[in-house]
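1. no sequence for this one, just the structure:
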């Protein structure tokens, strides 16, 4: 795993936008699906190899310290820095300076993002800058942008969200070196406005762009979507040709009902997955449409028949995503690009890092890697039926 083993969580604010919930508990202790939101973050950090978590507290700190204790029941070490309620984010970090490792991960207590710390650290090391900030591409206009990233460097950081050319949202998940403490003023100050803004001006912040959506408990309106995203789900994405049905010859396509034939064991494999609680989505390149060898109507007819046949065996398809473009169009959805996965994730509140993709060739493997999905490729002796038996 990564060389960074310490995470620092800013968790001291009043949480005014979550009132009345935060009248009696601090923001990170708001319940999501029956457990504190902060517990999801602790679990996420542990999965990523973090061994120590430093929580920077202010408002109602005892509610957090009593619940998490020393962290042993969560499999990590948890320590605390408790400062004044009025302390801003930068002041909280500065006052915890003696507790910080040489390099550490800093995150907000109200944002959840499917962290892959190894990828984040590799990017940080490659850029060789004092700081890295994770930036959501915000292609669904989830909120207003506040960062401009170009070629992996944060060029603008605008808390007012008013400058032109901004192309993403700072979601936290910073990698920082302890040397930033030397930049910190004596007065009460905001980490973002004082430190990050200055470092961005000096071109010393790397911007890790991600298409993985983040979820938040920043206000009451965002809670329902966050609850849906964090509900336990078992998701399987399936390539179509070569996994579900017989694959046509290279440069040819399944263009009619007569040409669509289920592979041996495929229907039973999908039935097994369904009975084990997996929701099934199909992800398929269909360049035959872009090449004018078939129409979208032809494809829809094939899929309608496929869905009806699967339903006879108790198999439900939760979604079908296909790329109709010619490979020369350089679209964002054609595998090995991961666009179809991200669209499905947006529309169905899916954590791709907890999903499985079953494909049949290297393009599928590349697409799975780009979407951070565990990918399994079928083989002649290890088809969908055998894979379904091996999965929990």
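-> Great, that's in hand. Please read all numbers here as calculations on a predicted model, not as lab measurements.
2. Give me the three-state assignment for the closest residue to residue 97 other than its chain neighbours.
-> Using Cβ to Cβ, 6 or more residues apart in numbering and skipping the chain neighbours, the partner closest in space to residue 97 is residue 181 (4.9 Å). Glycine gets a C-beta too; all of them are placed from N, C-alpha and C. The three-state assignment at residue 181 reads helix, by DSSP: H, G, I helix; E, B strand; the rest coil.
3. Does anything pack onto the host helix or strand of residue 91? Which helices or strands?
-> Assessed by DSSP states H and E, residue 91 sits inside helix 89-95. Counting contacts by 3 or more Cβ pairs under 8 Å, 6 or more residues apart in numbering; DSSP states H and E, helix 89-95 packs against strand 6-11.
4. So what's the gap between the strand it packs on and the chain middle?
-> 19 Å (Cα atoms, centre = their mean, to the nearest Å).
5. same deal with stretch 296-308?
-> That offset, for stretch 296-308, works out to 31 Å (Cα atoms, centre = their mean).
6. Now tell me what touches it from outside.
-> Defining contact as Cβ atoms under 8 Å, 6 or more residues apart in numbering, one finds that stretch 296-308 is touched by 244-245, 254-257, 260, 286, 289, 317, 320, 322, 324.
7. Spit out the contact partners of residue 236.
-> Contacts of residue 236 by Cβ under 8 Å, 6+ apart are 273, 278-281, 355-358, 391.
8. could you dump those to a markdown table with pLDDT?
-> Formatted as a markdown table, those follow (pLDDT from 0 to 100):
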| residue | pLDDT |
| --- | --- |
| 273 | 98 |
| 278 | 98 |
| 279 | 98 |
| 280 | 98 |
| 281 | 98 |
| 355 | 98 |
| 356 | 98 |
| 357 | 98 |
| 358 | 98 |
| 391 | 95 |
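9. Of the residues you listed, which is the nearest to residue 99?
-> residue 355 (36.0 Å; Cβ to Cβ).
10. With adjacent residues omitted, what lies nearest to that closest one?
-> Nearest to residue 355 is residue 235, by Cβ to Cβ, 6+ apart, at 4.1 Å.
11. Helices of the stretch 251-392 of the chain, start to end?
-> 266-275, 287-290, 296-311, 339-348, 362-370, 384-390 (DSSP state H, counting those that start in this stretch).
12. CSV for those, including mean neighbour count?
-> What follows is the helices of the stretch 251-392 of the chain, written out as CSV (neighbours: other Cβ atoms under 10 Å):
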stretch, mean neighbour count
helix 266-275, 20
helix 287-290, 19
helix 296-311, 15
helix 339-348, 20
helix 362-370, 18
helix 384-390, 17
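13. Make JSON lines out of the ones you listed and add distance to residue 217.
-> Formatted as JSON lines, the helices of the stretch 251-392 of the chain follow (distance: least, Cβ to Cβ, whole Å):
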{"stretch": "helix 266-275", "distance to residue 217": "32"}
{"stretch": "helix 287-290", "distance to residue 217": "42"}
{"stretch": "helix 296-311", "distance to residue 217": "37"}
{"stretch": "helix 339-348", "distance to residue 217": "19"}
{"stretch": "helix 362-370", "distance to residue 217": "29"}
{"stretch": "helix 384-390", "distance to residue 217": "36"}
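14. count of neighbours near the closest residue to residue 180 other than its chain neighbours?
-> Excluding the flanking residues, the one nearest residue 180 by Cβ to Cβ, 6+ apart is residue 195, at 6.0 Å. Residue 195 has 25 neighbouring residues, counting by other Cβ atoms under 10 Å.
15. begin at 737 from here
-> Let's use 737 as the start, then, which means that last one is residue 931.
16. I'd guessed residue 931 sits against residue 920; true?
-> Yes. Residue 931 lies in contact with residue 920 (Cβ atoms under 8 Å); the separation is 6.9 Å.
17. Mutual contacts of the two, please.
-> residue 826.
18. My guess is the residue nearest to residue 833 contacts residue 832. True?
-> No. In this structure, residue 917 is not within contact of residue 832 by Cβ under 8 Å, at 9.7 Å.
19. Might one say that residue 776 is in contact with residue 848?
-> Yes. Counting by Cβ under 8 Å, residue 776 does reach residue 848; the two are 5.9 Å apart.
20. Between the two, which is the more surrounded one?
-> residue 848 (23 against 19).
21. which residues in the stretch 837-986 of the chain form helices?
-> 853-863, 933-937, 959-966.
22. I'd like those as CSV, with mean pLDDT, distance to residue 1112 and mean neighbour count appended.
-> Rendered in CSV, the data for the helices of the stretch 837-986 of the chain read as follows (pLDDT from 0 to 100; distance: least, Cβ to Cβ, whole Å; neighbours: other Cβ atoms under 10 Å):
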stretch, mean pLDDT, distance to residue 1112, mean neighbour count
helix 853-863, 95, 20, 17
helix 933-937, 94, 41, 17
helix 959-966, 96, 24, 17
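23. could those helices go into JSON lines alongside distance to residue 807?
-> Compiled in JSON lines, the helices of the stretch 837-986 of the chain are given as follows (distance: least, Cβ to Cβ, whole Å):
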{"stretch": "helix 853-863", "distance to residue 807": "18"}
{"stretch": "helix 933-937", "distance to residue 807": "30"}
{"stretch": "helix 959-966", "distance to residue 807": "20"}
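24. quick one, which of those is nearest to residue 895?
-> Comparing these by Cβ to Cβ, helix 933-937 comes nearest, at 7.6 Å.
25. Please name the residues that touch the nearest residue in space to residue 909 that is not next to it in sequence.
-> Spatially, and ignoring its direct neighbours in sequence, residue 909 is nearest to residue 870 (3.9 Å; Cβ to Cβ, 6+ apart). Neighbour list for residue 870: 849, 856, 906-910, 944, 946 [criterion: Cβ under 8 Å, 6+ apart].
26. which one of those is nearest residue 878?
-> After measuring these against residue 878 - Cβ to Cβ - the closest member comes out as residue 907, at 10.0 Å.
27. Quick check: phi and psi on the closest one?
-> phi -110, psi 10 (degrees, to the nearest 10).
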